[in-house]
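>>> Below is the structure, and that's it, no one-letter string:
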């Protein structure tokens, strides 16, 4: 498969097929990141579409020869932050607890009953995902980018628009919190709450 | 901790198909000319300098220009010019292989410029026999015209920079905007350096240096909305 920057350049030259290839290349990784951040499949899907729409509208800001991935990830990060703020501002009135819809999917993007497909111990993985979901958004993002997506601290800091030092601290604190939560076998981690943080 | 170690190995989720809105946009896809940072920087500097020279020609050169120490006049002028070019360079030109400009360095340059020019103005303000009399605290606000003209000069680099950076700043837009403002403010300061005959340290430091601070703050508050793509 072609590299992201080649696809981005062809796409900026007006090749719609290159955009589809770019989407196929980047969207799964980006959706994984957004799912772990948003904690809800429907919201993550929506954020993914919003992200690519923004990429499309801002494509003239791309610099030829540059790696577009950090920029696309930053747009996803910004989109998530904006959506979170919008949710915080909105006063939503809901009915009785019985009327609340169930959380549609787990953090892997699969329904809860399919979490068992994971080859590793599914209960442990599920517990780890639940513990991850309980972290504050900044720590969660730091853990997701550095520990799960394999980005360097500098790359993660660039994506999140923060300093390397701050990203290191967030990742360390987040990972330590996960270790503490998962290190207590008698105390099962709390269940994932639906909705944006 | 094996559960955490397993998380990176989870299969990536299948993304949904493209939305109708995106499909509709793709159906009308046209080639775009992508951002060329160095060319944009050259254009921004050229347009801003032409505008600055125009403002200076309208306001006229200071009357004590030929009596002031040439060394100070030239070195302070170069400092103002660097205060314009460096933050604007950092705000528009990313490192090689990156799309987004270096917001941390740009933000730092804005802070250094803002504080540096206030300190420079307070500390170094030689006068000549034909210089204007000092304003002091009593008539301090009489010199606010310098702040207004300086900000008017800063407007062009900030607006041009904001247009050039549209969509390029999903993160770090405030420090980048502050750098554009500080750069524009320094151009305003350069213009005032060559126009204003008031050599009172308080006026030069606070009013002329203050242009950099106020322009940086205003740009940081207003520009991010202009560069955002929704």
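Sure thing, it's come through. Worth saying up front: this structure is predicted, and the values here are computed from it rather than measured.
>>> Please make it C-alpha for all contacts and neighbour counts, starting now.
Will do.
>>> Tell me the helices and strands packed up against the lowest-mean-pLDDT helix or strand in chain A.
When each helix and strand of chain A is scored by mean pLDDT, DSSP states H and E, helix A:122-134 comes last, with a mean of 82. Here helix A:122-134 touches helix A:16-38, helix A:164-182, helix B:2-6, going by 3 or more Cα pairs under 8 Å, 6 or more residues apart in numbering or on different chains; DSSP states H and E.
>>> out of these, deepest packed?
Across the helices and strands packed on helix A:122-134, averaging neighbours per residue (mean count of other Cα atoms under 10 Å in any protein chain shown) puts helix A:16-38 on top, at a mean of 21.
>>> what angle separates the next helix-or-strand element following that one from helix A:16-38?
With elements assigned by DSSP states H and E, the helix or strand that comes after helix A:16-38 is helix A:41-57. Using axes from the mean of the first three to the mean of the last three Cα atoms, to 10 degrees, one finds that helix A:41-57 and helix A:16-38 are set 140 degrees apart in direction.
>>> And helix A:41-57, what's buried?
Neighbour-count burial for helix A:41-57 flags A:41-45, A:47-56 (criterion: 16 or more other Cα atoms under 10 Å in any protein chain shown).
>>> Check which helices and strands that helix sits against.
In terms of contacts (3+ Cα pairs under 8 Å, 6+ apart), helix A:41-57 is packed against helix A:16-38, helix A:69-89, helix B:20-27.
>>> The second one versus helix A:16-38: what angle between them?
An angle of 50 degrees separates the directions of helix A:69-89 and helix A:16-38 when computed by the same axes, to 10 degrees.
>>> Quick one: mean pLDDT for helix A:69-89?
Mean pLDDT, computed over helix A:69-89, is 89.
>>> and that helix, does that touch chain B?
Yes - shown here: helix A:69-89 in contact with chain B (Cα under 8 Å from any Cα of the partner chain) through A:71, A:74-75, A:78.
>>> How much space separates residue B:110 from chain A?
Using Cα to the nearest Cα, to the nearest Å, residue B:110 is found at 17 Å from chain A.
>>> nope, residue B:131 is what I was after
Residue B:131 is 47 Å from chain A, by Cα to the nearest Cα.
>>> hang on, that residue packs against residue B:68?
No - with contacts defined as Cα atoms under 8 Å, residue B:131 does not count as touching residue B:68, sitting 9.0 Å away.
>>> which residues sit in contact with residue 26?
The chain I'm using is chain A. Contacts for residue A:26 (Cα atoms under 8 Å, 6 or more residues apart in numbering or on different chains) come out as A:4, A:69.
>>> Not quite, go with chain B.
Listed by Cα under 8 Å, 6+ apart, the contact partners of residue B:26 are residue A:16.
>>> Before we move on, what's the pLDDT of it?
At residue B:26, pLDDT is 92.
>>> what do you get for the one 5 residues further on?
Note for residue B:31: predicted pLDDT of 95.
>>> what's the helix or strand hosting residue B:119 packed up against?
According to DSSP H and E, residue B:119 maps onto helix B:103-123. Applying 3+ Cα pairs under 8 Å, 6+ apart, one finds that helix B:103-123 makes contact with helix B:70-92, helix B:173-195, helix B:201-202, helix B:209-227.
>>> Let me have those in a markdown table, adding mean pLDDT, distance to chain A and mean neighbour count as columns.
Converted to a markdown table, the helices and strands packed on helix B:103-123 look like this (pLDDT from 0 to 100; distance: least, Cα to the nearest Cα, whole Å; neighbours: other Cα atoms under 10 Å in any protein chain shown):
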| stretch | mean pLDDT | distance to chain A | mean neighbour count |
| --- | --- | --- | --- |
| helix B:70-92 | 96 | 11 | 20 |
| helix B:173-195 | 96 | 9 | 31 |
| helix B:201-202 | 88 | 36 | 22 |
| helix B:209-227 | 95 | 10 | 23 |
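>>> Of residue B:131 and residue B:68, which one has the most company?
A count of neighbours by other Cα atoms under 10 Å in any protein chain shown puts residue B:131 above the other of residue B:131 and residue B:68, at 19 against 16.
>>> Now do the contacts for the more buried one.
B:63-64, B:197-199.
>>> Save those as TSV, and put in distance to residue A:20 too.
Formatted as TSV, the contacts of residue B:131 follow (distance: Cα to Cα, whole Å):
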residue	distance to residue A:20
B:63	64
B:64	65
B:197	62
B:198	62
B:199	63
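>>> Would you mind giving me the PyMOL syntax to select the buried ones in these?
To isolate the buried ones among those in PyMOL, judged by 16+ other Cα under 10 Å, type:
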select buried, chain B and resi 64+197+198+199
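>>> Could you single out the nearest of the contacts of residue B:131 to residue B:143?
Nearest to residue B:143 among these: residue B:198, at 8.6 Å, using Cα to Cα.
>>> What is the neighbour count of the closest residue to the closest one other than its chain neighbours?
With Cα to Cα, 6 or more residues apart in numbering or on different chains as the criterion, residue B:198 has its nearest non-adjacent residue at 4.8 Å, and that residue is residue B:132. By other Cα under 10 Å, the residues close to residue B:132 number 16.
>>> how about low-confidence regions in chain A?
Low-confidence segments of chain A, defined by pLDDT under 70: A:1-2, A:89-120, A:184-197.
>>> can you give me the end-to-end distance of stretch A:31-50?
Start and end residues of stretch A:31-50 are separated by 12 Å (Cα to Cα, to the nearest Å).
>>> That stretch: how far from the chain's middle?
Stretch A:31-50 sits 6 Å away from the centroid of its parent chain (Cα atoms, centre = their mean, to the nearest Å).
>>> quick one on the thing from earlier: turn the residues of helix A:69-89 next to chain B into CSV, including neighbour count.
Output for the residues of helix A:69-89 next to chain B, formatted as CSV (neighbours: other Cα atoms under 10 Å in any protein chain shown):
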residue, neighbour count
A:71, 22
A:74, 24
A:75, 27
A:78, 19
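>>> Tabulate those residues (JSON lines), appending distance to residue B:113.
Output for the residues of helix A:69-89 next to chain B, formatted as JSON lines (distance: Cα to Cα, whole Å):
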{"residue": "A:71", "distance to residue B:113": "28"}
{"residue": "A:74", "distance to residue B:113": "28"}
{"residue": "A:75", "distance to residue B:113": "29"}
{"residue": "A:78", "distance to residue B:113": "29"}
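>>> Just give me the closest of the residues you listed to residue B:229.
For those, the residue nearest residue B:229 by Cα to Cα is residue A:75; the value is 9.7 Å.
>>> what sits against that closest one?
A:51, A:54-55, B:170-171.
>>> please redo it, this time with the cut-off set to 10 Å
By Cα atoms under 10 Å, 6 or more residues apart in numbering or on different chains, the contact list for residue A:75 reads A:48, A:50-52, A:54-55, A:58, A:69, A:81, A:159-160, B:167-171, B:229.
>>> No further queries at this time; thank you.
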